[in-house]
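Chemist: any chance you could fold what I've pasted below:
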Amino acid sequence: VGGGDIGWGGYRDRDGDGDGDGDGDGDGDGDGDMGMDMLAQDDKKAMTKSLKREVKKVTDTMDEGKKRLRKLGILKDGGGEESGEDEDMDDLKDDEKEEANEEDEDEEESGEEAGEESGEESEEESGEEEEVEVEETKEKKEESKQQKTVAVPAAPGAALPFTFPMPATPQALEKIVGALSPVDAAVALDRIRKCHAPTLREDNRKKTQLFFGLLLQRFEVLAGAASIPVAHLDVLAAALAAVAVSVPFFAVTAARARLEKMAARLRRALRDGQTGWPPARTLLLLALFADLFPATDKQH
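Modeler: Purely as a prediction, here's the structure:
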């Protein structure tokens with residue numbers, strides 16, 4: 001108290017700031033100037049780091065200078081060869097890096113050019129493919145149109161009625177099959193035979209017999225024509241064979257009557273001094289009868 005060097009509690013106030021803590025800051029907490037010390041330590045660390053960096057730079061520059069002197073032969077301290085080799089290795093590494101960079105640049109340029117060329121080629125190919133696809137679609141459309149326009153051939157006898165009246169005269173038969181093609185005529189004659197079959201009604205037997213006679217008479221007329229319609233004769237022969245199965249006795253009687261007439265005609269020709277050579281109609285009738293009543297059939 002007397003000299004200000006004794007603080008509270010009898011402690012000596014060493015720093016003379018009157019707080020008795022001896023830290024010199026007068027706040028009485030006893031911490032002193034710790035914050036300032038820490039800042040000073042940070043500054044020292046930073047300074048040391050900067051000094052180390054500067055020293056390192058100086059040493060690096062000195063080493064480079066020594067290397068140059070060794071390379072020139074001025075400084076001979078035994079480290080020239082190693083330094084020279086190091087420099088050579090560094091130079092080689094730098095050259096290799098530059099070459100690698102140039103190669104990378106060249107590869108990038110070539111890649112870009114190749115990409116452009118491939119892109120152009122792909123565009124051209126895609127354009128050609130599109131043109132080909134368009135042409136193919138056009139051809140398909142034209143083919144479908146042609147298929148639609150082409151008329152489908154009708155089945156034989158599609159335009160003919162399913163039932164026909166039984167013809168009673170040669171004129172009635174001519175009216176039914178006279179204007180038909182051989183295929184349609186065959187269909188019409190077959191439908192007449194089936195619609196008026198003897199098994200359906202009792203009176204159909206006489207109609208079938210009459211139908212056989214009309215067919216045989218029509219065969220004789222066409223066989224005696226100037227131009228023989230062979231296709232129509234084949235149709236009539238098939239129809240006669242089918243009808244003869246239904247009325248076999250009548251068919252035999254009609255054929256025998258025709259054969260007797262042909263024999264009588266031949267006798268008259270020979271009696272008159274003629275050759276008696278039969279005409280085409282007679283030959284075709286003989287061929288028809290040979291088909292209707294073959295000699296190999298024991299029933300005949």
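Chemist: can you map out the strands along the stretch 51-200 of the chain?
Modeler: Taking DSSP state E, counting those that start in this stretch as the criterion, the stretch 51-200 of the chain carries no strands.
Chemist: measure the nearest residue to Pro167 once chain neighbours are set aside to Arg268 for me?
Modeler: Closest residue to Pro167 apart from its sequence neighbours, by CB to CB, 6 or more residues apart in numbering: Leu173 at 4.2 Å. Using the backbone N, CA and C atoms, a C-beta is placed for each residue, glycine as well. Computed as CB to CB, to the nearest Å, the Leu173 to Arg268 distance reads 31 Å.
Chemist: one more: Phe211?
Modeler: Plainly put, Phe211 is 32 Å away from Arg268 if you go by CB to CB.
Chemist: okay, the two: which has more neighbours?
Modeler: When Phe211 and Arg268 are compared on other CB atoms under 10 Å, the one with more neighbours turns out to be Phe211, at 24 against 10.
Chemist: name the residues of stretch 186-201 that are buried.
Modeler: Of the residues in stretch 186-201, those with enough neighbours to count as buried (16 or more other CB atoms under 10 Å) are 186-189, 191-193, 196.
Chemist: tell me the mean pLDDT over it?
Modeler: Over the span of stretch 186-201, the pLDDT mean works out to 93.
Chemist: contacting residues around that stretch?
Modeler: Applying CB atoms under 8 Å, 6 or more residues apart in numbering, the external contacts of stretch 186-201 come out as 156-157, 160, 162-164, 166-167, 176-177, 180, 204-205, 207-208, 211, 215, 235-236, 238-239, 242-243, 246-247.
Chemist: just the buried members of those residues?
Modeler: Of all those considered here, the ones buried according to neighbour count by 16+ other CB under 10 Å are 157, 164, 166-167, 176-177, 180, 204-205, 207-208, 211, 215, 235-236, 239, 243, 246-247.
Chemist: mind checking which of these are in helices?
Modeler: With helices taken from DSSP state H, the overlap with these comprises 176-177, 204-205, 207-208, 211, 215, 235-236, 239, 243, 246.
Chemist: ok, which pair from those is furthest apart?
Modeler: The span of those, defined through CB to CB, is set by Arg205 and Val235 at 23.4 Å.
Chemist: and the helices in this structure?
Modeler: Secondary structure of the chain, counting by DSSP H: helices at 34-72, 80-149, 170-177, 182-195, 204-223, 230-246, 248-271, 280-292.
Chemist: any idea which of those has the lowest pLDDT on average?
Modeler: The minimum mean pLDDT among these belongs to helix 80-149 (a mean of 59).
Chemist: thinking again about what came up before, tell me the one of the buried residues of stretch 186-201 nearest Val252?
Modeler: Distance to Val252, by CB to CB, is smallest for Arg193 among those, at 18.3 Å.
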